[in-house]
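> Let's see this in three dimensions:
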Amino acid sequence: MTELHEVQITEEKPLLLPPSQPVPGKKHSVETPYGLVAFTVHGTPKPKRPAILTYHDVGLNHQSCFETLFRFEDMQEIVKNFVVVHVDAPGMEEGAPLFPLGYQYPSLDQLADMIPCILQYLNFTSIIGIGVGAGAYILARYSLSHPDTVEGLVLINIDPNAKGWMDWAAHKLSGLTSSIPEMILAHLFSQEELSGCTELVQQYREALVGAPNLSNIQLYWSSYNTRRDLNFERGGDVTLKCPVMLVVGDQAPHEDAVVECNSKLDPTQTSFLKMADSGGQPQLTQPGKLTEAFKYFVQGMGYMASSCMTRLSRSRTASLSSAASGDGSQSHSRTLSQNSESGSPQQPPRPAPGSGAQTMEVSC
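Now for the predicted structure:
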C-alpha cells in the first residue's frame, strides 16, 4: 500500500495589497467644510500617473452613472493603468441617510471645493476627470480653481451656463405639472427615448420613483438648477487650461449647451465628440465608442502609447481594409481606427488658434 505524505503548499505571492494602499473598490468618506463626502477607490496609485476621478449627474450615483462604462471589457485595458476614484455627491451614495428638513445642501461650487479634501486624504496630486451633467459642471468648476491638479477632462452633457429667466420660469412651470423624477428624467434622456419609453428609461424611472433618498436627490437637483455661469471665454482668462473632450449624444437634451461650450473653449485644447444613436447618456448606451475615444484622449496626453487596439478598433480596421476601394473623405472616427494599428494615438493635428475647434463625429 502506497504511503501517503503530507504536503504543505505555500503561496509565493499572496494577493494582498500593502496595508497603506486602498483595496480595490474600497469605500471611503472624508469630512469637508461643506459636509461629509463619500467616494470609492478602485485599483492602486500608479507612479507618475494621475488618478481618474469621476463625478455623476443628478438622479444617479457613481454606480448607476458609470458602472456600465467602467465594466465594459475594453475599458479594462485603460483602468488597469490608473487608479480610479468614483465620487458620490453628498447624500447620493447607496444607503445614505436622509438630510433633515431645512438642510442647506452645498452649491455646485461648494461640491467642487470638496474635491481637494478627497485628493489630500488619498495623497493624490493630479487627476483626469470624467463628469456627466452636474458632475461635468463640478469638475469644470474645480479645474478653474485648481488648474495645476487637472491633467485632462472628459465632460459629458455639460451645461456651463446659469439658468436664465426663461429657463427659470419653464422650470417652475414644469414643477407644477411634473414630479421630481419626471423632471430629472427629462434632464437625463432625450425626448425620443422618453416618448419611446425605452427599457433604459423605464429602469431609471423605477429607480428614481422608488429611491429611498429621493428628498436628497431633490436637493442636488435644486443646486444644479441654481448653478452660476462658468463664464468661459475663448481667448480670455476664464478657460480650461488642460486638454478637454466634450461629449454629447445626437439630439440629447444638452446638445445645444455642449455645442455652445465648445465654441467658448480653446480649440487647440478641445475635442468635441457628438455620438449618434446614443441618446442622453452615451456612457450607458455606447460604452464601446466612448471607451475608444477615451483611449485616444489619454494617449494624446502621453499615456498608454504602446497600448494595443480595442476590439472596436480591430473590427473597424478589418471592415475598412476589406473594402475594395476607400472613399477619400473618411469620417474622423474611421481615421482614428485606421491609425490605431500602430498602437499610438496619431490623432489629426490640432487646429491653429482662431480656427474652428476640431470635431469628432462618431456615427457608426
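
> Please list all residues in contact with the residue nearest to N157 when sequence neighbours are not counted.
Spatial nearest neighbour of N157, excluding adjacent residues (CB to CB, 6 or more residues apart in numbering): H254 at 4.3 Å. Heads up, the C-betas are built off the backbone N, CA and C, glycines and all. H254 makes contact with G133, N157, I158, D159, V248, G280, according to CB atoms under 8 Å, 6 or more residues apart in numbering.

> Same question for S178.
When contacts are counted by CB under 8 Å, 6+ apart, S178 is found next to A186.

> Check the gap between it and A186 for me.
8 Å (CB to CB, to the nearest Å).

> do the same with F39
28 Å.

> ok, back up a step: any chance of TSV for the contacts of H254, columns pLDDT and distance to E93?
As requested, the contacts of H254 are arranged in TSV below (pLDDT from 0 to 100; distance: CB to CB, whole Å):
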residue	pLDDT	distance to E93
G133	98	17
N157	98	21
I158	98	23
D159	97	24
V248	97	27
G280	95	23
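
> For A38, which three-state class applies?
strand (DSSP: H, G, I helix; E, B strand; the rest coil).

> Repeat that for the one 3 residues further on.
With three-state DSSP as the basis, the three-state label of V41 is strand.

> Okay, and the beta partners of it?
K26, V85 (DSSP bridges).

> Tell me, how many residues neighbour it?
Neighbour count for V41, taken as other CB atoms under 10 Å: 22.

> How about C261?
There are 25 residues near C261, going by other CB under 10 Å.

> and what of L144?
The burial count for L144: 18, using other CB under 10 Å.

> Quick check: it touching G236?
No - in this structure L144 lies outside contact range of G236 using CB atoms under 8 Å: 11.9 Å.

> Summarise which helices and strands the helix or strand hosting L139 is packed against.
Using DSSP states H and E, L139 falls within helix 134-145. Under the contact criterion of 3 or more CB pairs under 8 Å, 6 or more residues apart in numbering; DSSP states H and E, helix 134-145 touches strand 51-55, helix 108-112, helix 115-122, strand 127-132, strand 150-156, helix 214-225.

> about what we covered before: look at F39 and A186 and report which has more neighbours.
F39 (23 against 15).

> Contact partners for that one?
Here F39 is in contact with K27, H28, S29, V30, H62, V85, H86, V87, D88, I118 (CB under 8 Å, 6+ apart).

> cool, L194 as well?
L185, A186, V201.

> Mind pulling up the pLDDT for the last one?
Confidence at V201, expressed as pLDDT, is 96.

> Mind checking what secondary structure it has?
Criterion first, three-state DSSP; result for V201: helix.

> least trustworthy helix or strand in the protein by mean pLDDT?
Sorting the helices and strands of the chain by mean pLDDT, DSSP states H and E puts helix 332-339 at the bottom, at a mean of 34.

> Tell me which of the helices and strands packed on helix 134-145 sits nearest to E93.
Between E93 and these, the shortest separation by CB to CB is 9.7 Å, and it involves helix 214-225.

> and that closest one, what other elements does it pack with?
Using 3+ CB pairs under 8 Å, 6+ apart: helix 214-225 touches helix 108-112, helix 134-145, helix 180-188.

> then it to PDB, C-alphas only?
What follows is helix 214-225 as a C-alpha-only set of coordinates in PDB (Å, rounded to 0.1, in the frame of the first residue of the first chain):
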ATOM      1  CA  LEU A 214     -35.500  61.000  -3.200                       C
ATOM      2  CA  SER A 215     -35.500  64.000  -0.900                       C
ATOM      3  CA  ASN A 216     -31.700  64.100  -1.000                       C
ATOM      4  CA  ILE A 217     -31.800  63.800  -4.800                       C
ATOM      5  CA  GLN A 218     -34.200  66.800  -4.900                       C
ATOM      6  CA  LEU A 219     -31.600  68.900  -3.000                       C
ATOM      7  CA  TYR A 220     -28.900  68.000  -5.500                       C
ATOM      8  CA  TRP A 221     -31.300  68.800  -8.400                       C
ATOM      9  CA  SER A 222     -32.100  72.200  -6.800                       C
ATOM     10  CA  SER A 223     -28.400  73.000  -6.500                       C
ATOM     11  CA  TYR A 224     -27.900  72.200 -10.200                       C
ATOM     12  CA  ASN A 225     -30.700  74.400 -11.200                       C
END
